[in-house]
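Q: Just to be clear, the model below is a prediction. Sequence and coordinates:
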Amino acid sequence: MYVPVKWDVPFPPPQQPAFNFIDLFAGIGGFRIAMQSFGGKCVFTSEWDEQAKKTYEANFGEVPFGDITQENTKQFIPDGFDVLCAGFPCQAFSIAGRRGGFEDTRGTLFFDVAEIIRRKQPKAIFLENVKGLMNHDKGRTLATILNVLRNDLGYYVPEPKVLNAKDFGVPQNRERIFIVGFRSDLGVTDFTYPKPAGKAVAFEAVKEVTVVSSKYYLSKQYLNTLIEHKRRHERKGNGFGYEIIPDTGIANAVVCGGMGRERNLVYDHRLEDFTPVTNIKGEVNQEGIRKMTPREWARLQGFPDTFMIPVADASAYKQFGNSVAVPAVTATAGEIVKRLLKS
């Protein structure tokens, strides 16, 4: 019987799995939560970021393997798994003057995904990427990916679909492209991506129910800096700057670094102790303006509150910003598993 490193974790593997899968570029396990919800067992995981590994281990009881581009890492991937999941980064290919096939993807992370598909021949593949992949390098990047999957590797791959997290029960405007494929011998000739859930959810559904620390509140000095910064850009005709999301609104996409947190500020007037803590310089603003907490970001991405956050806030923001939106992935996974089990 399969025994994980730890059993006392929020998301242990199923003891009687319906299928198995591998989780590449796993991050903190968004794909895994989705696939396990349908009875899938993860038989291999890779993730190179050390802080993300800590979060993954805390929740799933296993430490992911490292860099998937290394041959010694690939050698640990078992044979006979059913689904390959990968949220691989978007990279340009060198396809000038070529046909845009398998060899043209060398040196990119998609090449490593394609190489594993070629060697292991999983029944199904489930890929996720940024919406920009649709038009990346004037569409040549996506065209090459589809050509490799369909023609070089022989999978049935319907046209990719851009799904928005806000259509699947979380208050975040996050568009991502999903690519699904099935091995040709399974006889799958049609696939329908999930339809929107039809239930709009506002930020108030994920807002902290108790008062949060003053460390999440902006200092007066920093708030004034953001206001001046936005005014300068508005005078130039730019829309760049901070944004405050009302309780009845929908958050912008959470991203790691840059203005990710500043574009998702919120009002919260419950704070009574304005004593500065940690890195706040100067007085805490009296207008109730704060950053969202890591837990709120987790909820925006559809992670349940049982999901553990064992790392510092800076790492947590990065991890949730890089993650998949679990509800959109789960809805798509359901359609994949339905056809997989039927075939």
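A: Now that the structure is in, tell me what you want to look at.
Q: quick one: the helices in the stretch 151-300 of the chain?
A: 220-235, 294-300 (DSSP state H, counting those that start in this stretch).
Q: what's around the nearest residue to residue 300 once chain neighbours are set aside, how many residues?
A: Spatially, and ignoring its direct neighbours in sequence, residue 300 is nearest to residue 172 (4.3 Å; C-beta to C-beta, 6 or more residues apart in numbering). Any C-beta I mention is one placed from the backbone N, CA and C, and that applies to glycine too. By other C-beta atoms under 10 Å, the residues close to residue 172 number 26.
Q: returning to that earlier point: comparing the helices of the stretch 151-300 of the chain by mean pLDDT, which bottoms out?
A: Among those, helix 220-235 has the lowest mean pLDDT, at a mean of 90.
Q: Of the helices of the stretch 151-300 of the chain, give the one that comes closest to residue 207.
A: Closest to residue 207 of the helices of the stretch 151-300 of the chain, according to C-beta to C-beta: helix 294-300, at 6.6 Å.
Q: which residues are contacting whichever helix or strand comes after the closest one?
A: Counting by DSSP states H and E, the next helix or strand C-terminal to helix 294-300 is helix 313-322. Residues from elsewhere that reach helix 313-322, judged by C-beta atoms under 8 Å, 6 or more residues apart in numbering: 27-28, 49, 51-52, 55, 254-257, 260-261, 294, 297-298, 300-301, 303, 309, 311.
Q: how close does residue 230 get to residue 324?
A: Distance of residue 230 to residue 324, computed by C-beta to C-beta, to the nearest Å: 30 Å.
Q: The two - which one has more neighbours?
A: More crowded of residue 230 and residue 324, by other C-beta under 10 Å: residue 324, with 26 against 17.
Q: Surely that one is within a helix?
A: No. Checked against DSSP: H, G, I helix; E, B strand; the rest coil, residue 324 lies outside a helix; its state is coil.
Q: strands paired with the strand ranked longest in the chain, and their directions?
A: Looking across the chain with DSSP state E, the single longest strand is strand 175-183. When pairing is defined by DSSP bridges, strand 175-183 lines up against strand 124-130 (antiparallel), strand 155-156 (antiparallel), strand 161-164 (antiparallel).
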